[in-house]
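Undergrad: would you be able to build a 3D model of this:
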Amino acid sequence: MATNKRVFTLRLSDEVFQKIGILATNEHRSVTNYIEFVLLKHLEDVEREQGEIKAGETEV
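TA: Just a heads-up that it's a prediction; the model follows:
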């Protein structure tokens, strides 16, 4: 199944990774899915406060 999601490396300290793992487990999510969930929630909050973030075709 094809996906339009990008793959990238994220470096975290052991402590941060373990804490995220605990929260992910509590939510019945994988660590990767939990991180994506938290980032999407944060983007929603920022856009609610500051307005839409214009994402174009520009590479990041």
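
Undergrad: the chain: helices as residue ranges?
TA: Using DSSP state H, the helices assigned to the chain run over residues 14-26, 31-50.

Undergrad: residue 34: neighbouring residues, count only.
TA: 19 (other C-beta atoms under 10 Å). To be clear about C-beta, it is placed using only N, CA and C from the backbone, and glycine gets the same treatment.

Undergrad: same check on the one 4 residues further on?
TA: As a burial measure, the neighbour count of residue 38 was computed by other C-beta under 10 Å and equals 15.

Undergrad: check the one 3 residues further on too.
TA: Applying other C-beta under 10 Å, we find 10 residues neighbouring residue 41.

Undergrad: before we move on, back to that, can you put the helices of the chain in a markdown table and add distance to residue 6?
TA: Compiled in a markdown table, the helices of the chain are given as follows (distance: least, C-beta to C-beta, whole Å):
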| stretch | distance to residue 6 |
| --- | --- |
| helix 14-26 | 19 |
| helix 31-50 | 11 |
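
Undergrad: show me what contacts residue 6?
TA: Going by C-beta atoms under 8 Å, 6 or more residues apart in numbering, residue 6 touches no other residue.
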